[in-house]
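>>> Coordinates only, no sequence provided:
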């Protein structure tokens, strides 16, 4: 049975969110002409945030409980998620909050993966 790498899924959703927030408005400016509005669509943005939160929490809590027992990735993720919520709350500062949000969330997943790899190599991984 294939196993899902939840850190990879977290990285993919974080990058998708970053692409949506930063690049999509620059590339797809003609969508409103066709009646399609995903730029600054609150429903779409909150769905993306919810997906990133669910995948991120699952991956990081799983890593903590089953592999490495380090809270560092969860703390980094929490900081990134705080910036993501601030981005939603203060739209005029969206780009100020977006970069640290995505950077911290991605770093949390990379840290979780690195800790899992170290635990696997050292033999302390409970699912080796």
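Yep, it's here. These numbers were taken from a predicted model, which means no experiment stands behind them. Residues are numbered from 1 along each chain as shown.
>>> how about the helices of this protein, start to end?
Ranges of helices within the chain are 6-18, 24-27, 42-63, 72-89, 94-122, based on DSSP state H.
>>> residues near the nearest residue in space to residue 59 that is not next to it in sequence, how many?
Leaving aside its sequence neighbours, residue 59 sits nearest to residue 6 (Cβ to Cβ, 6 or more residues apart in numbering; 3.3 Å). No exception for glycine: its C-beta is placed from N, CA and C like everyone else's. Counted with other Cβ atoms under 10 Å, residues neighbouring residue 6 total 20.
>>> Would you enumerate the residues in contact with residue 6?
55, 58-59, 62-63 (Cβ atoms under 8 Å, 6 or more residues apart in numbering).
>>> Could you check how far the spatially closest residue to residue 22 that is not a sequence neighbour is from residue 43?
Nearest residue to residue 22, sequence neighbours excluded (Cβ to Cβ, 6+ apart): residue 98, at 6.4 Å. Per Cβ to Cβ, to the nearest Å, residue 98 is found 19 Å from residue 43.
>>> Same question for residue 78.
For residue 78, the distance to residue 43 equals 24 Å [Cβ to Cβ].
>>> Which one's more surrounded, the two?
Each of residue 78 and residue 43 has its neighbours counted (other Cβ under 10 Å); residue 78 has more, 16 against 8.
>>> any idea how far the more buried one is from residue 59?
14 Å.
>>> so the residue nearest to residue 22 makes contact with residue 14?
No: the pair residue 98 / residue 14 is not scored as a contact, 11.0 Å apart, by Cβ atoms under 8 Å.
>>> Name the helix or strand of this structure that has the lowest mean pLDDT.
Every helix and strand in the chain was compared by mean pLDDT, DSSP states H and E; the lowest is helix 24-27, with a mean of 63.
>>> Next one: residue 108 relative to residue 55, how far apart?
Residue 108 is 12 Å from residue 55, by Cβ to Cβ.
>>> before we move on, what about residue 118?
Plainly put, residue 118 is 22 Å away from residue 55 if you go by Cβ to Cβ.
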